[in-house]
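> could you work out the structure for the sequence below:
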Amino acid sequence: MCIAGVVTHIVVVDNFTLLVPSQTNSKIQVMLYDISGRLVYRSGSENVLKGMNTIKVATGSNLTAGIYTVVVINTDDKTTKTFKLIKQ
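Next up, the predicted model:
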């Protein structure tokens, strides 16, 4: 499973980095939803290699302060990991 070890919540100012472990070479996608469920950010498909991967998420100043849901999807095996992001 690609995204088993992703943290459960993070606090950010503008941009953040995910450490994503992977048991195989695969692709992931990162999506952010605001508190009302509206999609506010979608990454392109990111290649990850077997082992630990660093994925940079650059939202810039597009997000207002609040709570967001981050969804990381392994597009190869369709596994997902969801956690909360607090934008200050």
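> what segments of the chain are strands?
Per DSSP state E, the chain carries strands over the ranges 9-12, 15-22, 26-33, 39-42, 46-48, 51-58, 66-74, 80-87.
> export those as TSV, with columns for mean neighbour count.
C-betas here are computed from N, CA, C, even on glycine. Formatted as TSV, the strands of the chain follow (neighbours: other Cβ atoms under 10 Å):
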stretch	mean neighbour count
strand 9-12	13
strand 15-22	16
strand 26-33	19
strand 39-42	14
strand 46-48	16
strand 51-58	13
strand 66-74	18
strand 80-87	16
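> looking at this protein, which helix or strand does the model trust least?
strand 9-12 (a mean of 62; mean pLDDT, DSSP states H and E).
> low-scoring stretches of the protein, by residue?
1-13 (pLDDT under 70).
> please list all residues in contact with the nearest residue to residue 82 once chain neighbours are set aside.
Spatial nearest neighbour of residue 82, excluding adjacent residues (Cβ to Cβ, 6 or more residues apart in numbering): residue 71 at 5.2 Å. By Cβ atoms under 8 Å, 6 or more residues apart in numbering, residue 71 lies in contact with 30-33, 80-82.
> having no further points to raise, I will conclude here.
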